[in-house]
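Colleague: Got a sequence here, can you model it:
(2 chains, ligands or ions: 2)
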Amino acid sequence: MSSLASLRVAKAPYLLTLPALLLFAGVVIAPLVMTVLLSFHDWGQYKGIEPVFVLKNWHEVFTDSYFLEMFWRTFRVAFFVTLLTALFGAPEAYILNRMKSPWRGLFLLVVLGPLLLSVVARTLGWALLFGGNSGLVNKALMSMGLASAPVPFMFTETGVIVALAHVLMPYMVLAVWAALQRLDPQVENAAVALGAGPFTVLRRIVLPQVMPGILSGAIIVFALAASAFATPAIIGGRRLKVASTLAYDEFLNTLNWPLGAAVAVLLLVALVAIVVGSSRLVERRYAQVFG
Amino acid sequence: MTFLALEGLGKRFGSHVAVDGLTLGVEKGEFVSLLGPSGCGKTTTLQMIAGFVEPSAGAIRLEGRDLLAVKPAKRGLGIVFQSYALFPHMTVAENVAFGLEMQGVAADERRRRVGETLELVGLAAFSGRFPRQLSGGQQQRVALARALVIRPRILLLDEPLSNLDAKLREEMQIELRQIQRTLGTTTILVTHDQAEAMALSDRLVVMNQGRAEQVGPPHVVYERPATPFVASFLGRTNLVAGETVRPEKIVFAATGLAGKVRTRIFQGNHWLYQVETASGLLTVIRQNSGEAMPGEGEQVHLAWGKA
Ligand SMILES: Nc1ncnc2c1ncn2[C@@H]1O[C@H](COP(=O)(O)OP(=O)(O)OP(=O)(O)O)[C@@H](O)[C@H]1O
Ligand SMILES: [Mg+2]
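Modeller: Ligands and ions are numbered 1, 2, ... in the order given. Sure, this is the predicted structure:
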């Protein structure tokens, strides 16, 4: 009697999560499994996709230096985007946090506002700014004396990195902002009372405490940058491909779905490994200090 | 010359007056407590001395020099914050060493003094731990060590013991008093615990609504409260015909004010009585000497010596 009741109670949580689980399985797991299966199928120019089991695509992805270069570029771009967002986003969050009441809300909206805008629209904006030798960015750079000749932005890694950094900046600002919110202002006062100047307080007290925030922001930005599609597609075009645009091309232009699937699965696996690995590292590093 | 002088110190937040014309002289080596109910302006006063709140009126002088002209980082004061405010990303030793680093003390000397100070507060074995691996009482002692190690001219303590349990608080009070005596550091303690203030201080400043109601040694303030507020804030009081009588001054006698015991509570070392009399309900405290005491409902007579 009572064991029956407890059994029912034990089952309840699983039953309650069932709808969400089914949805998850339907829209996430199933397509993923199908993509993985697809990557083992054969493909030919005239025969199309053949549902057989071959390692051809994987062999090609791992041995062809073309693919190696694509993946290298993807992670190089993601790395520099992450670096840029950290370099600009962390101080941005700090300044925002120090602003007084009406301005703070206003500028937070300015910083996070882009999230309300389609990535495509924002990237097209950058394309306009970069466009050609007489693009606004180049004009500004040259008139400030920062560049002697127009810097090529369109279809270059530099352009993709700049545009992606802008697109992903809000995520870094939000992560650092959240970490700053948790700081006790009295801790900074304590450092001041012990004789620390403003710069020392920033470097020795504030920065180490928001480091977990910067690192978690970095993990998010890295993952989003490495898997971004719209921005590299518009700024990099077909001349400068990254893993995601490569997969897209294999699917829709070459129509070699199995090869595209292999590229997509490899990108996913590499990203999951990097993200999980680095968050483990971050967690272990800070578990003792911040818990 | 007074060591630290607060001269007509005032602070208003908008239209709210947090501190109102506070004047106080503190001698070198003295232990002074600011005592008062929540919101009476104790923390604000301390923060003005520390330099984190700017006064809207008055002056602060340290050895005759204007302290308000000195930046907080240059005041050389040791502060223990209400929330401890330890550096969470630094070990105990690093926390304590920070102030010495800022003073440019050489590494060997730094290590020696950090060791000494941690010894003093009984935390030598914990130097490698992070703050969140310590108990509340240990964190509080780290905060104290961090403030003491720089040999501050004045030690400012903002309710440093309020988060501790009764037993640990008592231990820390004794420790704090000993440390202060040994080092002779001028100390200002903020508290709303009257027993703590009386136990530790050379002088009390009883504050109410931003003003100092009475300043004096604990026993004087307790025995001769200047205002009804001070009397009621410092321990229990009875008001009999316009006269303030402390409950422990009243004895059961053969003659005197007649009354009937309404309640009797045993509190270990003493009995707490509520007696109904013609002058109203009086509180009586009698030491527990093991003798038989009047029970509830009994008729008694109360007497007390005229102060
Ligand atoms: N930054 C501020 N802005 C507005 N009002 C403030 C500010 N800081 C303090 N006050 C007000 O000033 C008064 C005194 O505050 P203070 O913190 O000095 O009290 P306290 O005596 O330390 O109280 P507690 O025992 O609760 O710590 C309070 O009424 C408080 O609301
Ligand atoms: Mg306070």
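
Colleague: Now do stretch A:283-291: everything it contacts.
Modeller: Where contact means CB atoms under 8 Å, 6 or more residues apart in numbering or on different chains, the residues beyond stretch A:283-291 that reach it are A:211, A:212, B:88, B:89, B:130, B:132, B:133. Any C-beta I mention is one placed from the backbone N, CA and C, and that applies to glycine too.

Colleague: tell me the pLDDT at residue 273?
Modeller: Just so you know, I chose chain A. pLDDT recorded at residue A:273 is 94.

Colleague: meant chain B, my bad for not saying
Modeller: If you check residue B:273, the pLDDT there is 92.

Colleague: Could you say which helix or strand holds the nearest residue to it once chain neighbours are set aside?
Modeller: Closest residue to residue B:273 apart from its sequence neighbours, by CB to CB, 6 or more residues apart in numbering or on different chains: residue B:284 at 4.0 Å. Under the criterion DSSP states H and E, the helix or strand holding residue B:284 is strand B:280-287.

Colleague: Mind listing what's buried along that strand?
Modeller: Within strand B:280-287, the residues scored as buried using 16 or more other CB atoms under 10 Å in any protein chain shown are B:282, B:283, B:284, B:285, B:286.

Colleague: just stretch B:63-79 next, same as before
Modeller: By 16+ other CB under 10 Å, the buried positions in stretch B:63-79 come out as B:67, B:68, B:72, B:73, B:75, B:76, B:77, B:78, B:79.

Colleague: So which of those residues sit within strands?
Modeller: Using DSSP state E, B:77, B:78, B:79 are the members of the buried residues of stretch B:63-79 that sit in strands.

Colleague: Poorly predicted segments of the chain, please.
Modeller: In the absence of a named chain, this looks at chain A. Of all residues in chain A, those with pLDDT under 70 make up the ranges A:1-9, A:132-133, A:291.

Colleague: my bad, the chain I had in mind was chain B
Modeller: In chain B, residues with pLDDT under 70: B:306-307.

Colleague: Show me which residues of it are close to chain A?
Modeller: Chain B comes close to chain A at residues B:50-52, B:72-79, B:81-83, B:85-89, B:98-99, B:102-103, B:130, B:132-133, B:146, B:150, as judged by CB under 8 Å from any CB of the partner chain.

Colleague: Repeat the analysis, applying 6 Å as the threshold.
Modeller: Applying CB under 6 Å from any CB of the partner chain, one finds that chain B approaches chain A through B:52, B:72-73, B:79, B:81, B:83, B:85, B:89, B:98-99, B:102, B:130, B:132.

Colleague: State the three-state secondary structure for residue B:259.
Modeller: Put simply, residue B:259 is strand when judged by DSSP: H, G, I helix; E, B strand; the rest coil.

Colleague: For it, give the beta-bridge partners.
Modeller: Counting by DSSP bridges, residue B:259 is bridged to residue B:277, residue B:300.

Colleague: cool, the one 4 residues further on as well?
Modeller: Note on residue B:263: beta-bridge partners residue B:274, judged by DSSP bridges.

Colleague: can I assume residue B:46 sits in a strand?
Modeller: No. Per three-state DSSP, residue B:46 lies outside any strand segment and is helix.

Colleague: distance of it from residue B:298?
Modeller: Distance of residue B:46 to residue B:298, computed by CB to CB, to the nearest Å: 49 Å.

Colleague: which residues in the stretch 51-200 of chain B form strands?
Modeller: In the stretch 51-200 of chain B, the strands defined using DSSP state E, counting those that start in this stretch lie at B:57-62, B:65-66, B:77-80, B:154-158, B:186-191.

Colleague: Of these, which is nearest residue A:154?
Modeller: Of all the strands of the stretch 51-200 of chain B, strand B:77-80 sits nearest to residue A:154, with 56.9 Å by CB to CB.

Colleague: Tell me which strands the closest one pairs with, and in which orientation.
Modeller: Under the criterion DSSP bridges, strand B:77-80 sits next to strand B:154-158 (parallel) in its sheet.
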